[in-house]
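Peer 1: Would you be able to build a 3D model of this:
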Amino acid sequence: MTDSQIEALDSSGLSATPGTPAPHVRRLLALWLDVSVAAVAAVVAISLAQFAKPSESPAWLIGSVFLGLSVGSAYLGLAPLYPGNTLGKQIFSLRVVSADERPLSGLRLLKRLLLLGLVPINAVMVLSRGSRAHLGDSWARTHVVLSHSRRNFWVALIAAGLVLFVLFELGTGAALVGVLRSEAWRAAKIELASEPGATAPVFPESFSIVGDLASFDADVGHGMRRIVVARSRDGRRWNLVSNVRVDEH
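Peer 2: You can find the predicted model right below:
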């Protein structure tokens, strides 16, 4: 399928030329990529906050999550103002412009962002309106259009795939950084290092922390161990639940 055939899927009758409303396919893929960037930015912010000040108090955890959401939202909302575009829109040759030809302002972009999460309503509006403006666009008086430096669809798709791969690696690494100074991992390391002939691992090969239960797979020098720890009822410490060789499963 060629780029022109893909653009033909956007059956609005509008020509796919610079300045016209963004084709549905490009806009959907750009949104997918931008949400991924925002999610990874949020994970990085949360992980760095936890690494800088390890704490499992509800207030600090809520604050860390709020920080992450703020960073992700700031990217989605303010990137069209500075540095000038989101990564997804840049790759798929799209840009946000004002409907009245005035320069974009932070207030306009904030209005657009506040209603961006109403996905079902926005999807119907984008698909049914000739201007392809969603609820946030209507309130902020903005549109998403094709940019003048239009990139080939397949080149953009390959670039997006590479970005997603980098984002996955970055997000995984950031999550690991946040775990390294957690109380759960500290408790697990103490148990692993207490084994005869074991070498205390610096980081786990894989991990899972869900509520009051944490599981870590780590190389202790003479094989992989899976250790599970649980938070005590008073929330002050993590206690050993199990410590077995991974190949026993």
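
Peer 1: from here on, contacts and neighbour counts on C-alpha atoms
Peer 2: OK.

Peer 1: Please enumerate the helices of the chain.
Peer 2: Along the chain, counting by DSSP state H, helices occupy 3-8, 24-52, 58-78, 87-91, 106-114, 119-128, 135-140, 153-180, 183-193.

Peer 1: Name the stretch among those that sits most buried.
Peer 2: Ranked by mean neighbour count, the helices of the chain are led by helix 87-91 with a mean of 23 (mean count of other C-alpha atoms under 10 Å).

Peer 1: which residues touch that one?
Peer 2: Identification of contacts with helix 87-91 by C-alpha atoms under 8 Å, 6 or more residues apart in numbering yields 27, 29-34, 37, 95, 151, 156, 159-160.

Peer 1: can you put these in TSV and add distance to P54?
Peer 2: What follows is the contacts of helix 87-91, written out as TSV (distance: C-alpha to C-alpha, whole Å):
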residue	distance to P54
R27	39
L29	36
A30	35
L31	33
W32	32
L33	31
D34	29
V37	25
R95	40
R151	44
A156	40
A159	36
A160	34
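
Peer 1: out of those residues, what pair is the most spread apart?
Peer 2: With distances taken as C-alpha to C-alpha, the most widely separated pair in the contacts of helix 87-91 is V37 and R151, at 20.0 Å.

Peer 1: Who are the contact partners of T172?
Peer 2: By C-alpha under 8 Å, 6+ apart, the contact set of T172 is empty.

Peer 1: OK, contacts around the residue nearest the centre of the chain?
Peer 2: By C-alpha atoms, centre = their mean, the chain has its centre lying nearest to A39, at 1.6 Å. The contact partners of A39, taken as C-alpha under 8 Å, 6+ apart, are G72.

Peer 1: now swap in A174 and tell me
Peer 2: By C-alpha under 8 Å, 6+ apart, the contact set of A174 is 43-44, 47-48.

Peer 1: Next: L157.
Peer 2: Contacts of L157 (C-alpha under 8 Å, 6+ apart): F92.

Peer 1: Low-confidence regions, this protein specifically.
Peer 2: 1-18, 56, 248-249 (pLDDT under 70).

Peer 1: Quick check: can you list the domain ranges of it?
Peer 2: 3-174, 182-248 (automatic domain parsing).

Peer 1: before we move on, the earlier item: which of the contacts of A174 lies closest to F66?
Peer 2: Closest to F66, out of all of these and judged by C-alpha to C-alpha, is V43, at 11.0 Å.

Peer 1: how much space is there between the closest one and G84?
Peer 2: Using C-alpha to C-alpha, to the nearest Å, V43 is found at 23 Å from G84.

Peer 1: R108 too?
Peer 2: 14 Å.

Peer 1: cool, and F165?
Peer 2: 24 Å.

Peer 1: For beta bridges, what are the partners of A218?
Peer 2: For A218, the residues forming beta bridges with it (DSSP bridges) are R225.

Peer 1: so who does it touch?
Peer 2: 201, 203-206, 224-226.

Peer 1: Filter those down to the buried ones, ChimeraX style.
Peer 2: Buried members of these can be picked out in ChimeraX with the line below, counting by 16 or more other C-alpha atoms under 10 Å:
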select :201,203,204,224,225,226
